[in-house]
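S.K.: Got a predicted structure here, sequence first:
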Amino acid sequence: NAGVTQTPKFQVLKTGQSMTLQCAQDMNHEYMSWYRQDPGMGLRLIHYSVGAGITDQGEVPNGYNVSRSTTEDFPLRLLSAAPSQTSVYFCASSYSVEGADTQYFGPGTRLTVL
Amino acid sequence: AQSVTQLGSHVSVSEGALVLLRCNYSSSVPPYLFWYVQYPNQGLQLLLKYTSAATLVKGINGFEAEFKKSETSFHLTKPSAHMSDAAEYFCAVSRGGSYIPTFGRGTSLIVHP
């Protein structure tokens, strides 16, 4: 199993550009989520999904869109990049929606918006 | 509602010394508690978790944590620090029926030779 994969690893954007961060898991996990990590802020939840076709907002959803058409994939779209979106983005998944389940994280995408 | 507080954004220890990373939680129902570790330029990985079985939980790499309900704490310890333990450590809380964990802000462990 590859686990949770994210592409790209690094990205530089100009203000106003759009892009999609890719996330895929091959563990047949039901729950997937996106976090951003900023210094001193820990992990903040952007969006999450409890299954194909079902998504919801987390703590900091503004400026981001998600969709989940398959169990495996959960892309994160930046609609119009802003410098405040400079961050490290992590995708995570877990087997079920039970709170005791372990979260499995991807390696992250480091995004810089100029 | 649930929340977690990690005391100390940075903890510095000498190699061979005791490691103690503090985590206090708030939850209206019995919680599930986790410690994750993040090595430089990597994603988070699970160290250990408490799911209402034994209150003393043993994890990977010699780490353990004790769930203390009376103190609402879940501190992470390791008897003897190793240079390879230098990393960012995150405490997280969730609960049955709420699959969305809440993460603390993280504690950076620095290990001096």
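M.R.: Alright, I've got the coordinates. Residues are numbered from 1 along each chain as shown, chains lettered A, B, ... in the order given.
S.K.: I'd guessed B:Tyr25 sits against B:Ser3; true?
M.R.: Yes - in this structure, B:Tyr25 is within contact of B:Ser3 by Cβ atoms under 8 Å, at 7.0 Å. C-beta: built from backbone N, CA, C; applies to glycine.
S.K.: got the buried residues for the longest strand along chain A?
M.R.: In chain A, assigned by DSSP state E, the strand with the most residues is strand A:42-51. Of all the residues in strand A:42-51, those buried under the rule 16 or more other Cβ atoms under 10 Å in any protein chain shown are A:42-50.
S.K.: Repeat that for stretch A:49-65.
M.R.: The neighbour-count check on stretch A:49-65 (16+ other Cβ under 10 Å) flags A:49-50, A:52, A:55, A:58, A:60-61, A:64 as buried.
S.K.: Same list, those, but only the ones touching chain B.
M.R.: Filtering the buried residues of stretch A:49-65 for proximity to chain B by Cβ under 8 Å from any Cβ of the partner chain leaves A:50, A:58.
S.K.: And the furthest pair within the buried residues of stretch A:49-65?
M.R.: The distance between the two most remote of the buried residues of stretch A:49-65 (Cβ to Cβ) is 23.6 Å, for A:Ala52 and A:Val60.
S.K.: quick revisit: take the buried residues of stretch A:49-65 and lay them out in CSV including pLDDT.
M.R.: Shown next, in CSV, are the buried residues of stretch A:49-65 (pLDDT from 0 to 100):
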residue, pLDDT
A:Ser49, 94
A:Val50, 92
A:Ala52, 93
A:Thr55, 96
A:Gly58, 93
A:Val60, 95
A:Pro61, 97
A:Tyr64, 97
